[in-house]
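Undergrad: Sequence and predicted model, in that order:
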Amino acid sequence: MNSTFSEPVDWSAAVAHSCTFKTSHFIHGEFTPSLSGKTFASVSPRDGRVLAHIAAGDTGDVDRAVLSARQTFESGVWSRRSPRERKRILFDWADLILSHREELGMLESLEVGKPISHATTNDVNGVVDALRWYAESLDKVYGEVAPIGEEALVTITSEPLGVIAAIVPWNYPMILAALKFAPAMAVGNSIVMKPAEQSSLSMLRIAELAVEAGIPAGTLNVVCGLGAEAGAALSQHMDVDKIVFTGSGPVGRLIQKYAAESNGKAVQIEAGGKSPHVVFEHAGPLDIVAERVAFSLCYNSGQTCSAGTRVLVARSRHEELIEQLRKACSAWIPQDPLDPLSTMGPIASELQLERVTGFIDRAIDSGSELVMGGKRVLLDSGGFYLEPTVFDNVQNHLEIAQEEIFGPVLCVIPFEGFDEGVRLANQTRYGLAASVWSDNLSEGIRASREIRAGMVWVNTYQRSDITFPFGGVKASGHGRDRSLHALAEYSSLKSTWLNL
Ligand code: ADP
């Protein structure tokens with residue numbers, strides 16, 4: 001493998017031509033520096049260079065953003081606007097985002113190292129789809145009338161909660177933000193977004209485009225900054241009605257604690273997983289299975305909460321699967337994310353790379369068999385690139401099989417028989433996603449029922465769509481993104497008794 005980029009890209013010229021870096025908080029429709037004047041450096045994992053210095057928010061900035069969101073909500077400029085008008089404006093916003101596809105994709109590619117071809121398509125499309133889908137729902141979702149009889153008319157209507165706070169991670173900065181702000185704003189809430197410190201730039205630009213599209217200032221505010229400062233202040237705020245979070249388990253639990261200790265705000269948590277592929281004896285062709293496993297491992301450099309990083313395989317198919325995995329994973333080669341042909345970029349930060357290589361080193365020390373990978377590559381670039389890494393004959397209780405790694409690191413664990421396959425699949429504290437591979441219909445259905453996860457795929461992996469819910473059970477969290485069910489996360493039901 002090369003130690004430098006095959007075709008160096010003049011990224012500074014690319015940035016100058018297509019990107020504007022907005023680096024302050026976005027509060028009440030204006031870019032606003034931190035009250036403290038503090039900033040932090042955003043480093044590109046592509047080459048380790050500092051891209052921008054971003055405002056580091058704390059309690060004072062969060063107070064201003066929440067006040068703006070509250071006043072805007074109470075004024076009714078957005079919350080009481082007719083559903084049809086909200087729909088029209090959300091559509092305009094989606095169109096504007098689409099017309100800035102290259103710029104937004106470039107920001108995301110530079111900040112978190114996502115291949116530019118993925119960022120400008122999947123990630124931007126994900127935002128646009130979410131906005132359009134929830135906008136579409138606005139004049140199609142109705143209230144109810146309770147069956148009380150002659151005595152009264154009892155209506156059940158849905159109302160926005162008020163001020164939502166959303167704390168999101170760096171792995172899919174735009175999509176995960178949109179899966180929160182699109183349903184929240186569609187139903188009339190105001191929202192304060194706290195992007196991860198590794199990925200503020202695309203969110204700031206999307207917020208600016210919201211105002212350009214006609215969303216009233218204050219409906220969508222963005223406070224940048226470190227989790228322990230801006231994130232904690234938002235979670236502890238007394239005037240936030242609900243906090244929605246995607247990120248790590250420990251921080252998810254901290255946010256629940258902050259919510260309980262402050263105003264008892266509602267909480268929705270998605271906190272990752274350690275999702276299994278269960279490959280049964282009756283699985284179809286293993287080249288197809290391996291290709292999908294490799295995709296779920298290497299897409300976004302393995303930094304996906306639903307990445308399928310534990311492969312449980314029937315012993316009779318074990319050797320064949322390992323051979324196929326070798327082939328399929330070798331097709332994923334870390335490259336400069338700004339190369340239009342790149343499909344796998346770097347790990348998103350140096351800290352995360354060190355975390356991942358720490359897991360690899362400890363797995364080797366504990367006797368797991370390294371089949372391939374495990375090494376940093378493209379070192380001369382200054383970036384944080386890692387090869388796809390596969391361990392075989394891993395014991396399911398080991399750290400490498402139990403902890404969410406957030407990198408392209410796979411463990412293969414052989415099993416005997418249906419019951420052991422399902423038992424191992426469930427032997428994890430997580431319950432976000434799983435897949436079952438079998439051409440035996442009843443085996444596939446039985447396993448999909450017995451595995452505890454919010455999402456189970458049968459004979460495929462990582463197919464997602466806005467039309468069905470996504471979220472976890474057990475330590476993976478509670479509540480759901482996507483689908484009409486997500487609207488309920490941002491609304492409360494009101495019963496009104498009209499005496500006749
Ligand atoms: P990851 O390990 O993927 O970075 P984190 O859970 O640490 O996941 O981060 C996800 C989001 O949570 C980020 O926006 C981060 O800034 C925020 N965050 C981190 N620590 C805290 C905290 N103590 N309180 C609130 N938010 C936090």
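TA: Ah, there it is. Residues are numbered from 1 along each chain as shown.
Undergrad: does any bit of stretch 354-366 sit next to the ligand?
TA: No: Stretch 354-366 is not in contact with the ligand by Cβ under 6 Å from any ligand atom; minimum separation 8.3 Å. All C-beta atoms are positioned from the backbone trio N, CA, C, and that covers glycine.
Undergrad: got it, and stretch 108-126?
TA: No: contact of stretch 108-126 with the ligand (Cβ under 6 Å from any ligand atom) is absent, the minimum separation being 11.0 Å.
Undergrad: So what would you say the end-to-end distance of that stretch is?
TA: End-to-end span of stretch 108-126 (Cα to Cα, to the nearest Å): 13 Å.
Undergrad: Now do the buried residues in that stretch.
TA: 108-120, 122-124, 126 (16 or more other Cβ atoms under 10 Å).
Undergrad: Just the mean pLDDT for the helix or strand Ala69 falls within, thanks.
TA: The secondary structure element spanning Ala69 is helix 59-75 (assigned by DSSP states H and E). Throughout helix 59-75, pLDDT has a mean value of 98.
Undergrad: Repeat that for stretch 160-179.
TA: For stretch 160-179, the mean per-residue pLDDT is 98.
Undergrad: Pretty sure Ala94 sits against Glu136.
TA: No: using Cβ atoms under 8 Å, Ala94 is not in contact with Glu136, being 10.4 Å away.
Undergrad: Between those two, which has more neighbouring residues?
TA: Each of Ala94 and Glu136 has its neighbours counted (other Cβ atoms under 10 Å); Ala94 has more, 23 against 14.
Undergrad: Now the residue of the stretch 351-500 of the chain found nearest the ligand: closest residue in space that isn't a chain neighbour?
TA: Closest residue of the stretch 351-500 of the chain to the ligand, Cβ to the nearest ligand atom: Phe406 (6.4 Å). Leaving aside its sequence neighbours, Phe406 sits nearest to Gln303 (Cβ to Cβ, 6 or more residues apart in numbering; 5.0 Å).
Undergrad: how close does that neighbour get to Ile97?
TA: Gln303 sits 23 Å away from Ile97, going by Cβ to Cβ, to the nearest Å.
Undergrad: that older thread, export the helix holding Ala69 to CSV, keeping only CA atoms.
TA: Extracted C-alpha coordinates of helix 59-75, given in CSV (Å, rounded to 0.1, in the frame of the first residue of the first chain):
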residue,chain,number,x,y,z
THR,A,59,-23.4,28.2,29.9
GLY,A,60,-23.7,31.8,28.7
ASP,A,61,-23.9,30.9,25.0
VAL,A,62,-26.4,28.1,25.8
ASP,A,63,-28.5,30.5,27.8
ARG,A,64,-28.7,32.9,24.9
ALA,A,65,-29.6,30.1,22.4
VAL,A,66,-32.3,28.6,24.6
LEU,A,67,-33.8,32.1,25.3
SER,A,68,-33.9,32.8,21.6
ALA,A,69,-35.5,29.4,21.0
ARG,A,70,-38.1,29.9,23.8
GLN,A,71,-39.0,33.4,22.7
THR,A,72,-39.4,32.3,19.1
PHE,A,73,-41.5,29.4,20.1
GLU,A,74,-43.8,31.5,22.3
SER,A,75,-44.2,34.2,19.6
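Undergrad: Residues of the stretch 201-350 of the chain that sit close to the ligand?
TA: Residues of the stretch 201-350 of the chain lying close to the ligand by Cβ under 6 Å from any ligand atom are 227-228, 231-232, 235, 247-248, 251, 254-255.
Undergrad: Among those residues, name the buried ones.
TA: Among those, those buried by neighbour count (16+ other Cβ under 10 Å) are 227, 231-232, 235, 247-248, 251, 254-255.
Undergrad: Just those residues: which are in helices?
TA: 232, 235, 251, 254-255 (DSSP state H).
Undergrad: so where is this protein shaky, pLDDT-wise?
TA: For the chain, the stretches flagged by pLDDT under 70 are 1-20.
Undergrad: Map the structural domains onto the sequence of it.
TA: 11-271+477-496, 275-463 (automatic domain parsing).
Undergrad: how about the residues of the stretch 401-500 of the chain that lie near the ligand?
TA: Taking Cβ under 6 Å from any ligand atom as the criterion, the ligand has no neighbours within the stretch 401-500 of the chain.
Undergrad: List the residues that contact the spatially most central residue of the chain.
TA: What sits nearest the mean C-alpha location of the chain, by Cα atoms, centre = their mean, is Leu176, with 4.2 Å. Counting by Cβ atoms under 8 Å, 6 or more residues apart in numbering, Leu176 touches 168-169, 246, 481.
Undergrad: Does the ligand have contacts with the helix or strand hosting it?
TA: Leu176 belongs to helix 173-186 when elements are defined using DSSP H and E. No: taking Cβ under 6 Å from any ligand atom as the criterion, helix 173-186 and the ligand are apart, separated by no less than 9.4 Å.
Undergrad: Go through that helix and flag the buried ones.
TA: Neighbour-count burial for helix 173-186 flags 173-186 (criterion: 16+ other Cβ under 10 Å).
Undergrad: cool, and stretch 147-157?
TA: For stretch 147-157, by 16+ other Cβ under 10 Å, it's Val154.
Undergrad: again, but for stretch 208-220
TA: Buried residues in stretch 208-220, defined by neighbour count with 16+ other Cβ under 10 Å: 208-211, 213, 215-220.
Undergrad: Kindly report the same for stretch 42-55.
TA: Buried residues in stretch 42-55, counted by 16+ other Cβ under 10 Å: 42-47, 51-52, 54-55.
Undergrad: what would the residues you listed look like in CSV with distance to the ligand and secondary structure?
TA: Putting the buried residues of stretch 42-55 into CSV (distance: Cβ to the nearest ligand atom, whole Å; DSSP: H, G, I helix; E, B strand; the rest coil) gives the following:
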residue, distance to the ligand, secondary structure
Ser42, 13, strand
Val43, 14, strand
Ser44, 17, coil
Pro45, 13, coil
Arg46, 18, coil
Asp47, 21, coil
Leu51, 17, strand
Ala52, 17, strand
Ile54, 12, strand
Ala55, 14, strand
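Undergrad: Can you pick out the most distant pair from the residues you listed?
TA: Asp47 and Ala55 (23.6 Å; Cβ to Cβ).
Undergrad: in the helix or strand encompassing Asp95, what counts as buried?
TA: Assigned by DSSP H and E, Asp95 belongs to helix 83-99. For helix 83-99, burial by neighbour count (16+ other Cβ under 10 Å) applies to 83, 86-94, 96-97.
Undergrad: Repeat that for stretch 135-147.
TA: 135, 137-138.
Undergrad: Just put those in JSON lines and tack on secondary structure and distance to the ligand.
TA: Shown next, in JSON lines, are the buried residues of stretch 135-147 (DSSP: H, G, I helix; E, B strand; the rest coil; distance: Cβ to the nearest ligand atom, whole Å):
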{"residue": "Ala135", "secondary structure": "helix", "distance to the ligand": "26"}
{"residue": "Ser137", "secondary structure": "helix", "distance to the ligand": "27"}
{"residue": "Leu138", "secondary structure": "coil", "distance to the ligand": "28"}
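Undergrad: Before I go, just wanted to say thanks for your time.
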